[in-house]
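K.L.:
give me coordinates for this.
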Amino acid sequence: MAETLIAVISTTVALGALYVSWAGHRHQVRRARETAERERETAERERGIEAREREAAERARQAESREALVQASLIDVRLRTVPSAIHPGYVTPQLDVINRSSHPVRELAATLHEQPVPEVCGDVNAATGRTFTLPSGRSGEVSARLADVRLSFTDAAGAYWRRDGDGGLRRGTERDGVTTWGPREEPVIRAVDTPWAAQPATSAPARPAFDFPDGVSESRAGRARPVAVVALVAAVVAAVAVAVAVLR
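P.N.:
This next block holds a predicted model:
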């Protein structure tokens, strides 16, 4: 009887220990699964944050690139040939560089058929244009096509650009005196072919032929000049009358 009781108790204890071991294992498995799920969700959130940050950085880069392209997109080029008024059968190519932006462009340079055109140089002020006269030649010998013209310039931000004849833009980087042109970029704005004002030969305001005293404007001085002339004539007439009276 005692042996049977001891066997039952031993079996019960063994079954209890087995159940406790099974329950502990099940709890550990559940906790490991929950931990793995939390880690997976955390990794997905981090990947989502990184993806949004990359998208935001790409949008900012595109916006910056677009902003940098705005002024370069507003530089327009026209090429035409004008018959010579002196030499029949000769034509003179003329290159119009039109700056339709609100800032000047500097350091103009151009090539025609990959050859430098020294006549194209200097700056173009905002909202104006300049016409450059190229070397003349016989009508059948002058090959002047806009597709063969490449214009380079520096924008207001200091970026160096090249505009191809078809309107494509390339950014230039200089290293060791050699300019490397980047990939082609399309203009973000197409310049409208509207009438443009020629840039004056000089931007300095016209100065008067002579200086006026302080507090005297040019209009007042202009009105004063006829009065002075009349007074001078009156003085001369009076002097002549006195001289005639003395002689008598």
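K.L.:
quick one: the helices in the chain?
P.N.:
Remark: helices assigned in the chain by DSSP state H are 2-73, 218-247.
K.L.:
quick check: mean pLDDT of stretch 115-128?
P.N.:
Along stretch 115-128, the predicted confidence averages to a pLDDT of 93.
K.L.:
model confidence over stretch 19-30, on average?
P.N.:
Confidence over stretch 19-30, taken as the mean pLDDT, stands at 84.
K.L.:
just the CA atoms of it, as PDB, please.
P.N.:
C-alpha atoms of stretch 19-30 as PDB (Å, rounded to 0.1, in the frame of the first residue of the first chain):
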ATOM      1  CA  TYR A  19       4.000  20.600 -16.800                       C
ATOM      2  CA  VAL A  20       6.000  23.400 -15.200                       C
ATOM      3  CA  SER A  21       8.800  22.800 -17.600                       C
ATOM      4  CA  TRP A  22       6.400  22.800 -20.600                       C
ATOM      5  CA  ALA A  23       4.700  26.000 -19.300                       C
ATOM      6  CA  GLY A  24       8.000  27.700 -18.900                       C
ATOM      7  CA  HIS A  25       9.200  26.700 -22.300                       C
ATOM      8  CA  ARG A  26       5.900  27.900 -23.800                       C
ATOM      9  CA  HIS A  27       6.200  31.200 -22.000                       C
ATOM     10  CA  GLN A  28       9.800  31.700 -23.300                       C
ATOM     11  CA  VAL A  29       8.700  30.900 -26.800                       C
ATOM     12  CA  ARG A  30       5.800  33.400 -26.600                       C
END
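K.L.:
by mean pLDDT, show me the worst of the helices of the chain.
P.N.:
Taking the mean pLDDT of those, helix 218-247 comes last: a mean of 51.
K.L.:
so in terms of bridging, what pairs with the closest residue to residue 172 other than its chain neighbours?
P.N.:
Setting aside the residues directly before and after it, residue 172 is nearest to residue 160 in space (Cβ to Cβ, 6 or more residues apart in numbering), at 4.0 Å. C-beta here means a position set from N, CA and C on the backbone, and glycine is covered the same way. The partner list for residue 160 in beta bridges (DSSP bridges) reads residue 154, residue 172.
K.L.:
try residue 198
P.N.:
Beta-bridge partners, per DSSP bridges, of residue 198: residue 129.
K.L.:
residues touching the residue nearest the centre of the chain, list them.
P.N.:
Nearest to the centroid of the C-alpha atoms of the chain, with distances taken as Cα atoms, centre = their mean, sits residue 71, at 3.3 Å. Residue 71 makes contact with 101, 103, 105, 155-157 under the criterion Cβ atoms under 8 Å, 6 or more residues apart in numbering.
K.L.:
do residue 75 as well
P.N.:
Going by Cβ under 8 Å, 6+ apart, residue 75 touches 97-101, 105, 124, 151, 153, 161, 163, 191.
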